[in-house]
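Student: fold the following for me, if possible:
(one chain, ligands or ions: 1)
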Amino acid sequence: MINKEKVHIIGGGLAGCEAAYQLAKREIPVILHEMKPHKKSPAHKSDNLAELICSNSLKSEKEDSAPYILKRELLQLDSLLIKVAHSCKVPAGHSLSVDREKFSLEITKIIERHPHISVVSKEVKEIPEKVPLIIACGPLPPPDFQKSLGELVGNDFLYFFDAISPIVDAETIDYDRSFWGARYEENSTDYLNCPLNKEEYETFVKELLRAERHPLKSFEKDIFFEACMPIEKLAERGIDTLRFGPMKPKGLVNPLDGKMPYAVVQLRRENNLTDAFNLVGFQTNLKYREQDRVFKLIPCLKNAKFTRYGQMHKNTYINAPHILKPSLEMKSREMIFFAGQISGFEGYIEAIATGLISALNVYSKLTCGKEIIFPPETALGSLQNYLKNFTGKNYQPINMTFSLFPPLKEKEKKKKERRKKIAERAWERLNDYLNKVSGTFF
Ligand SMILES: Cc1cc2nc3c(=O)[nH]c(=O)nc-3n(C[C@H](O)[C@H](O)[C@H](O)COP(=O)(O)OP(=O)(O)OC[C@H]3O[C@@H](n4cnc5c(N)ncnc54)[C@H](O)[C@@H]3O)c2cc1C
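Tutor: Take a look at the predicted model:
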């Protein structure tokens, strides 16, 4: 017996629209609250729902890419937004890029005409009392609602910026010039250290200062503070600032010459596969091509391939592993779910995926009281699993990357082969799972 309570969704963006559709197609009545067109965040421009606020790309369609695996799963689960994206595709090489106007318009029509969805065009100022509720307000909610969110999750668990360091492909690092170690610890393999001599360091700082930066939007000007200052800003303070900050060599001895290097860039593993490293403390606002040019001046990274560039931008999100269960329901409040960027996942397709996961979980709770957790080997499950297993202190929103998938049982040295096997395994596990639960929510 289905409990047909109305589900309230705050935010008619990517996550909110996907969630609304998934519930409505299962005949659950939805009230979708969207403040547009009366009020818009500083990044939103269109009057339509499901607006792509920056790029028009929903990432790679290459079969051995992590975004493709996620999109294939979303399509298998009848994702409205991915279906519409395919129907509004524009030529863009290997990526799924769309005509953004057509994309948003098409989704707006489907959502507004759906017999089980009512769109209320009004700003929500406070978290409503009514549940079930999905909070999908995106990265830039208005101040009143942000305040109310802080009260709901605890102000210490609500963050207001992204400070992302670049990530480098492990296969492109020069291991002959780097060495393992942690400051003041013997025999540690915690960090891979990339040493620079005086000349290399000074050239690096000079080029860092010359490099072109992303212009800050007016609403982003206040986001930097000392703990996450971009390295180019730190470098402005003096030639030695970085050597006493993120490029500090103290406590490290280069086994190649038995000396402390002049400066060091530390790389930290991104995952247990050790196939990617992040540049510790290298949050930056440089343009991507400039990051590529300047960071390759670090001798060990001369031939580096960056799988993600550093970024800093205004972005409101919660400390998801602390606040949410893998079903995206709050640990402390029954029937309140989060989805999209506010739930601590970064990117368009991740917003769509979390919209879908939250909706299926609301539906499942209403129908049988159970949580829907996809197998960790699937892309959807790997996002849920990340929440469950994250133990670090500073949570940063995550993208769908191969580092989220559990390693393969069998060793596979060739990256292309490894990725192919991970993709095959994800597809098999998803379909096994769907067969098992068929007739319940799918
Ligand atoms: C400046 C910026 C640029 C980005 N660029 C990209 C990019 O190029 N590619 C990418 O993959 N990701 C990008 N992202 C990250 C992320 O993918 C997008 O923010 C994405 O739109 C998130 O989807 P969402 O559904 O969570 O939020 P949104 O799509 O922003 O939807 C949230 C909706 O909620 C509404 N809303 C908010 N508060 C209320 C309220 N109180 N009452 C009623 N309605 C409300 C808003 O009007 C909005 O329509 C960017 C993020 C930012 C901040």
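Student: ok, and the closest non-adjacent residue to Lys89?
Tutor: Counting by Cβ to Cβ, 6 or more residues apart in numbering, Val98 is the residue found nearest to Lys89 once chain neighbours are left out, at 6.0 Å. For the C-beta atoms, the positions are set from N, CA and C on the backbone; glycine is no exception.
Student: need the contact list for the one you found.
Tutor: The contact partners of Val98, by Cβ atoms under 8 Å, 6 or more residues apart in numbering, come to 52, 56-58, 85, 88-90.
Student: type out the PyMOL command that picks the buried ones from those.
Tutor: Only the buried entries of the contacts of Val98 go into this PyMOL selection, using 16 or more other Cβ atoms under 10 Å:
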select buried, resi 52+56+57+58+85+88+89
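Student: domain parsing for the chain?
Tutor: 7-162+313-437, 167-309 (automatic domain parsing).
Student: make TSV from those domains and add mean pLDDT to it.
Tutor: Converted to TSV, the domains of the chain look like this (pLDDT from 0 to 100):
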stretch	mean pLDDT
domain 7-162+313-437	94
domain 167-309	89
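Student: tell me which of the ones you listed sits most buried.
Tutor: domain 7-162+313-437 (a mean of 20; mean count of other Cβ atoms under 10 Å).
Student: anything in that domain near the ligand?
Tutor: Yes. On the criterion Cβ under 6 Å from any ligand atom, domain 7-162+313-437 is in touch with the ligand at 10-16, 33-36, 41, 43-44, 53-55, 123-124, 136-142, 145, 313, 315, 340-342, 346-348, 351.
Student: how about the residue nearest to Lys370 when sequence neighbours are not counted, what does it touch?
Tutor: Setting aside the residues directly before and after it, Lys370 is nearest to Ser364 in space (Cβ to Cβ, 6+ apart), at 5.3 Å. By Cβ under 8 Å, 6+ apart, the residues touching Ser364 are 370-372, 440-441.
Student: most widely separated two among the residues you listed?
Tutor: Largest separation among those by Cβ to Cβ: Glu371 and Thr440, giving 12.2 Å.
Student: find the nearest non-adjacent residue to Gly13, please.
Tutor: Gly138 (4.8 Å).
Student: would you confirm that that neighbour contacts Ile342?
Tutor: Yes. The criterion here is Cβ atoms under 8 Å, and Gly138 meets it with Ile342 at 6.3 Å.
Student: helices of the stretch 1-150 of the chain, start to end?
Tutor: 14-24, 66-76, 80-87, 100-113, 143-153 (DSSP state H, counting those that start in this stretch).
Student: so what's the one residue in the stretch 51-200 of the chain that gets nearest to the ligand up against?
Tutor: The nearest approach of the stretch 51-200 of the chain to the ligand comes at Gly138, 2.6 Å away (Cβ to the nearest ligand atom). By Cβ under 8 Å, 6+ apart, the contact set of Gly138 is 11, 13, 15, 41, 340-342, 351.
Student: closest point of this protein to the ligand, which residue?
Tutor: Counting by Cβ to the nearest ligand atom, the chain gets nearest the ligand through Gly13, at 1.7 Å.
Student: need the contact list for that residue.
Tutor: Applying Cβ under 8 Å, 6+ apart, the residues contacting Gly13 are 49-51, 136-138, 340, 351.
Student: repeat the analysis, applying 10 Å as the threshold.
Tutor: Applying Cβ atoms under 10 Å, 6 or more residues apart in numbering to Gly13 gives the contacts 34, 36, 41, 44, 49-53, 104, 136-139, 339-342, 348, 351-352, 355.
Student: same question for Tyr201.
Tutor: Going by Cβ under 10 Å, 6+ apart, the list of residues near Tyr201 reads 195, 239-240, 242-243, 247, 249, 261-265, 297-298.
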